[in-house]
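In: pasting a predicted model and its sequence here:
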Amino acid sequence: MTSKVPEKEVRYPDSEFKLDNTADLYAGVKTSRWSQMFGCIVTLSEDVDKAILEQAADRLLHRMPFIAHRLKAGFIWYRFEPSDKPFCVIDNFNELMKPLNWKETQGFLFRIRCHHRQIIMEFFHALTDAGGSIKILLTLLREYLRLKYAIDIPTDQRILDCDDVPQPGEYENAFIRYARKDSFKRLEKEAAYNIGGPALPQNSYAITAGRVPTGSLLDLAKRHNASVSELLCSMLLLSIAHVQRTDRNPRKKRQPVKAQVTADLRRFFPTPTLRNFSSYALIGTDPDVDDYSLDDVIARVHNTLRKEIEKERLLSVFSGDVTFKHSFLVSNTPLVLKKPIMKLLFRRALRRHFSTIISNLGVINLPEEMSSYIEKLDYLSGPMPVPATNLAITSYNNQTSLIFTRTCRNTEVERHFFDSLVKAGIPVQMETL
């Protein structure tokens, strides 16, 4: 199906344009065996019609021409250039979130899969982040449902109309727009505890998924004077600390347990961008305290989040990243020399700066015209290139999905985490995705 948007009215991005700070990082450290992927899985009430999904995807590309770009290596940095290749939906569930293969994806930086009642979108982090991806996903879903059932579905800030004209703000580099000269640089002097241990075979990972009633989580959080995010972050820190106590390495027992909690900068700096625009906070336990209670950790998490996820501090941090990228040395060093250094520093950061990553997509509220066809919506963190366990959180339809992505053999973190929820009176339904 051809888009109704007249070709001459479509405001396409420049034929080639620069990557944002986050995209530069993930483009620079990707390899043929690993690229930073993440995904969303949507379970519908009926089997997916692949032909209609491909029509919806075609209209999505017309509405969001930014995502129809591929990476091209330049002399100093990678850059985006438009792709004129046809986009195809993959009708299998095999090797979810595997590294991008340019021949398979025709250069596109995302995949769309369908399998029975599920639609899966996988994104390379150089293209977008969680905040941008949910707009892309929900716009695709709206168009699919509209085409399949001939229904009218209202739009909002997250659900766009494929008949509308693309807007330049949707592909702006918001880091550049908001960055200022004065900046703050995080200095992580103390290495975080890393679970480590034997890793799963290369290019493989494990997923442990649980689903809990959102209302029960809210009640538990209120009893502890915490938000749901603070509660779950605290329980995960305690679960990792539980594993740490059994570690045979005395040096690692004295290291703090740290969680990297992602933060969507769109909450603080308004922008319609579909590109990367997120930051993070680091929250850790004190290794000198042997026995934290849940309320102790919640208080620590609450205070740290209030300090770290604050507009002026976030602005100072990403302004420092922008300044560093545009410094004379970095902006004049050839990409071929930068890449090995970036990969070395990236892996060092993964092993040193944090113990886990927590990504919370928040509560997804959909119009009734959409929600009646969508049973579940789940967000998955991508596997890391080092042994690690990360958590992705999504709340939809009064259910909260808690999905661990693990590249280490040790399963004790997930087991302790879900056991803690059950002991706190939260019913947990374990699932296979």
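Out: Cool, the structure landed.

In: switch to C-alpha atoms for all contacts and neighbour counts from now on
Out: Noted.

In: distance of the nearest residue to residue 258 once chain neighbours are set aside relative to residue 238?
Out: Nearest residue to residue 258, sequence neighbours excluded (CA to CA, 6 or more residues apart in numbering): residue 284, at 4.0 Å. From residue 284 across to residue 238, the span is 10 Å (CA to CA, to the nearest Å).

In: likewise residue 360?
Out: 18 Å.

In: tell me the secondary structure for residue 163?
Out: coil (DSSP: H, G, I helix; E, B strand; the rest coil).

In: i'd like the first residue to be 635 from this point on
Out: Sounds good: first residue 635 from here, last item residue 797.

In: burial of it, as a residue count?
Out: 15 (other CA atoms under 10 Å).

In: how about residue 1057?
Out: Around residue 1057 there are 9 residues (other CA under 10 Å).

In: so what's it up against?
Out: For residue 1057, the contact set (CA atoms under 8 Å, 6 or more residues apart in numbering) is empty.

In: cool, and residue 914?
Out: 894, 895, 896, 897, 943.

In: please state the offset of stretch 681-688 from the chain centre?
Out: From the chain centre to the centre of stretch 681-688 is a distance of 25 Å (CA atoms, centre = their mean, to the nearest Å).

In: quick one: low-confidence residue ranges for the chain.
Out: Counting by pLDDT under 70, the chain contains low-confidence residues at 635-649, 817-823.

In: let's see 50
Out: 635-646, 648 (pLDDT under 50).

In: helices of that one, start to end?
Out: Along the chain, the stretches classed as helices by DSSP state H are 655-663, 684-697, 736-739, 764-783, 808-812, 848-857, 862-878, 884-887, 928-942, 945-959, 962-966, 969-986, 1002-1005, 1046-1057.

In: dump the ones you listed to JSON lines, plus distance to residue 722.
Out: Below are the helices of the chain laid out as JSON lines (distance: least, CA to CA, whole Å):
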{"stretch": "helix 655-663", "distance to residue 722": "23"}
{"stretch": "helix 684-697", "distance to residue 722": "7"}
{"stretch": "helix 736-739", "distance to residue 722": "8"}
{"stretch": "helix 764-783", "distance to residue 722": "14"}
{"stretch": "helix 808-812", "distance to residue 722": "30"}
{"stretch": "helix 848-857", "distance to residue 722": "36"}
{"stretch": "helix 862-878", "distance to residue 722": "37"}
{"stretch": "helix 884-887", "distance to residue 722": "47"}
{"stretch": "helix 928-942", "distance to residue 722": "41"}
{"stretch": "helix 945-959", "distance to residue 722": "35"}
{"stretch": "helix 962-966", "distance to residue 722": "36"}
{"stretch": "helix 969-986", "distance to residue 722": "31"}
{"stretch": "helix 1002-1005", "distance to residue 722": "24"}
{"stretch": "helix 1046-1057", "distance to residue 722": "36"}
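
In: do you know which of these lies nearest residue 1018?
Out: Closest approach to residue 1018 among the helices of the chain (CA to CA): helix 969-986, 8.4 Å.

In: packing partners of the closest one?
Out: helix 655-663 (3 or more CA pairs under 8 Å, 6 or more residues apart in numbering; DSSP states H and E).

In: the helix it packs on packs against which elements?
Out: So helix 655-663, by 3+ CA pairs under 8 Å, 6+ apart, packs with strand 712-716, helix 945-959, helix 969-986.

In: go again using 7 Å as the cut-off
Out: Applying 3 or more CA pairs under 7 Å, 6 or more residues apart in numbering; DSSP states H and E, one finds that helix 655-663 contacts helix 969-986.

In: okay, the angle between the helix it packs on and strand 712-716?
Out: With axes from the mean of the first three to the mean of the last three CA atoms, to 10 degrees as the basis, helix 969-986 and strand 712-716 are set at 110 degrees to each other.

In: which other residues reach helix 969-986?
Out: By CA atoms under 7 Å, 6 or more residues apart in numbering, the residues outside helix 969-986 that reach it are 662, 663, 709, 710, 711, 825, 826, 828.

In: which residues touch the fifth one?
Out: When you say that, I think you mean residue 711. Applying CA under 7 Å, 6+ apart, the residues contacting residue 711 are residue 969.

In: got the domain ranges for this protein?
Out: 641-812, 840-1065 (automatic domain parsing).

In: in a markdown table, list those along with distance to residue 833.
Out: Below are the domains of the chain laid out as a markdown table (distance: least, CA to CA, whole Å):
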| stretch | distance to residue 833 |
| --- | --- |
| domain 641-812 | 15 |
| domain 840-1065 | 4 |
